[in-house]
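here is a sequence together with a model predicted from it:
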Amino acid sequence: MQLVSGAHHSPFISSEWWRSAIIYQIYPRSFVDGNGDGMGDLPGITSRLGSLASLGIDAIWLSPIMRSPQKDAGYDVSDYTDVDPLFGTLADFDAMVGRAHELGLRVLVDLVPNHTSDQHKWFQAALAAPKGSPERAFYHFKEGKGLDGELPPNNWLSMFGGPAWTRVEDGSWYCHLFDSSQPDLNWENPAVQEAFEEILRFWLDREVDGFRVDQPHAMGKADGLPDHPDVDRAGAGFIEGEPSPPMWFQASVHPIFRRWRQILDSYPGERAMCGEAYVLPLSFMALWVRNDEFHQTFNFRYLDSEWKPEILFATINESFKAFDSVGAPSTWVLSNHDIIRHASRMGGVVGRPTASDGIGPSDPQPDRELGLRRARGATLFTLALPGSTYLYQGEELGLPEHTTIAPEFRQDPTFFRTGGERVGRDGCRVPLPWESGAGAANGFNQTGKAWIPQPELYAEYSRDQQEGVEGSTLEMYKHALRLRKVLGLGNGSFDWEPEYTNATTLGYRNGGVLVIHNFGQEAIELPQGEVIASSANAASVGIEPDQTVWLKTK
Ligand code: GLC
């Protein structure tokens, strides 16, 4: 069976950096801990930026470092213009940005506009103010249903489990699509809009190169906050094809992002913003990257795709069709801080309905060897696709998910709001191993303390065990990233190679490079050409199952 009617993508002529950038996500809690308290920090990040630059990336994105009670690992901000003391100070931040720029790395920071922390002064003022006051109008406060207003105002559920409403002392309810400590802002309110424009400028003035914008598709709410038409789906997040959900992707948000784009454009140096817009199908997501809105969105279709040829074929076709129609780059991403690491996700049946539910000790456990082999194949397949690619810290080490975290170390609100039924996302957020055997935390710090202790097996994935070691996952990443740059693949073209586009292989060309991945159970013959990159270590004559090769054919 040959898969037919595939996409064609022409090279971008533009040199705008974000069109082809490799952007590395740093999860600050777990990257490097400079002061030894068990929590990663900004001085730690600065100290290891050189290692990152040597990987061959273009930019870093930092998950939230703003002041926060850390109820959702920083996605609950209590002060948007300060750094959380856990991570350091604004001066540490400036030093980090300065060092990154010296190394030629751009810096994106995470901006969380859909909700604040309940400790934010706006929310505290709203609680202290009477019903109907301007302070309350910063958020979505509403009267409940029932004789005494004792029932939530509508049927919405929180993404982390339980109702999306919490009642306050005077009987009103406030809306939170996430944890009760994360009240949703009312983006219809011009005062909220103005406040965020100031926040954007604050960070742009500090020389950040842009933002990763959290949950932008949640910011608008349908007028009057009506019930979700399908109660079973009211807390499931957006599901494609559902009747228009009143809490996701309202058209009212687009003018806000246009305004933000103007602000970014008014600064020198191609500042950019990437939206975590979970909006499918991609033809719909493409509306978010029209040339006066976001520069990029995460391609969740690709991230969520099962690693099967017919599914990926359709996904990649849909991606180029959608993003090319608005002249935006597709982004490609396999892992982030919200889902099971791809080295584990791909290791057989992992027994969880969604990747953000994590893997617990009593779930079926992934096959590490199979997972790593497939993850390496998937990564190499991804890195030659034209567009921008996001990497998540630790994937360059082939790091697996931590699946046996003891309950006392868990922090994800999902775990608490579901009574442990969904173990949540902590397993992909564990401190990185840098030097094997350097203290209990393998060089994450010098004291061995860690907010989540690493599993023993992380020592063998340490960076020092892989640096300069031929065939290591780290060296595979470095090699591929170097070639990608030298050959201009990020700004390149895309065409399927019909001979390899079928039920067991996928093959595509980007300029003079032919990329083939073998999804089958048997090795296949290598075509003519020079193998310039391979995901498998063993020198083989064919392309083994799960292996990707890059061939130079002209
Ligand atoms: C985004 C973040 C996630 C966070 C949620 C609420 O999906 O990636 O980590 O919990 O938004 O802010």
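All right, it came through fine. For clarity, every value in this text was computed on a predicted model and none was experimentally measured.

around the ligand, which positions in the stretch 1-150 of the chain sit nearby?
72, 75, 112 (CB under 6 Å from any ligand atom). From N, CA and C alone the C-beta is placed, and that goes for glycine too.

would you format the residues you listed as JSON lines with secondary structure, neighbour count and pLDDT included?
Listed next are those as JSON lines, based on DSSP: H, G, I helix; E, B strand; the rest coil; neighbours: other CB atoms under 10 Å; pLDDT from 0 to 100:
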{"residue": "72", "secondary structure": "coil", "neighbour count": "23", "pLDDT": "96"}
{"residue": "75", "secondary structure": "coil", "neighbour count": "24", "pLDDT": "98"}
{"residue": "112", "secondary structure": "coil", "neighbour count": "26", "pLDDT": "98"}
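
which among those residues gets closest to the ligand?
residue 75 (3.4 Å; CB to the nearest ligand atom).

quick one, what contacts the closest one?
64, 68, 110, 112, 178, 182, 214 (CB atoms under 8 Å, 6 or more residues apart in numbering).

run the last query once more with 10 Å
63-64, 66, 68, 110, 112, 114-115, 117, 178-179, 182, 214-215, 337-338, 413 (CB atoms under 10 Å, 6 or more residues apart in numbering).

figure out how far the lowest-mean-pLDDT helix or strand in the chain is from the centre of its chain.
Every helix and strand of the chain was ranked by mean pLDDT, DSSP states H and E. The lowest is helix 413-417, at a mean of 90. Relative to its chain's centre, helix 413-417 lies at 20 Å (CA atoms, centre = their mean, to the nearest Å).

tell me if it is near the ligand.
No - shown here: helix 413-417 not in contact with the ligand (CB under 6 Å from any ligand atom), separated by at least 7.6 Å.

alpha carbons only: can I get that helix in CSV?
C-alpha atoms of helix 413-417 as CSV (Å, rounded to 0.1, in the frame of the first residue of the first chain):
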residue,chain,number,x,y,z
PRO,A,413,-2.3,19.4,41.3
THR,A,414,-3.8,16.7,39.1
PHE,A,415,-2.6,14.1,41.6
PHE,A,416,-4.3,15.9,44.5
ARG,A,417,-7.5,16.8,42.7
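
can you give the contact residues for it?
Here helix 413-417 has contacts from 71-73, 75-76, 158-162, 178-182, 338, 356-358, 360, 405, 407, 410, 420-426, using CB under 10 Å, 6+ apart.

PyMOL command for the buried members of those residues?
To isolate the buried subset of those in PyMOL, counting by 16 or more other CB atoms under 10 Å, use the following:
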select buried, resi 71+72+73+75+76+158+159+160+161+162+178+179+180+181+182+338+356+357+358+360+405+410+422+423+424+425+426
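
which parts of the stretch 151-300 of the chain sit against the ligand?
So far as CB under 6 Å from any ligand atom goes, the stretch 151-300 of the chain lies against the ligand at 178, 214, 215, 276.

between those, which has the most around it?
Ranked by the number of neighbours (other CB atoms under 10 Å), those place residue 178 first, at 25 neighbours.

that one contacts residue 184, doesn't it?
Yes - at 8.3 Å, residue 178 counts as touching residue 184 under the criterion of CB atoms under 10 Å.

quick check: neighbours shared by those two?
What both residue 178 and residue 184 touch, as defined by CB under 10 Å, 6+ apart, is the set 114, 115, 164, 215, 218.

dump those residues into JSON lines; add pLDDT and distance to residue 301 as well.
Formatted as JSON lines, the shared contacts of residue 178 and residue 184 follow (pLDDT from 0 to 100; distance: CB to CB, whole Å):
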{"residue": "114", "pLDDT": "98", "distance to residue 301": "22"}
{"residue": "115", "pLDDT": "98", "distance to residue 301": "25"}
{"residue": "164", "pLDDT": "95", "distance to residue 301": "26"}
{"residue": "215", "pLDDT": "97", "distance to residue 301": "18"}
{"residue": "218", "pLDDT": "96", "distance to residue 301": "19"}
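
farthest pair within those?
Largest separation among those by CB to CB: 164 and 215, giving 13.2 Å.
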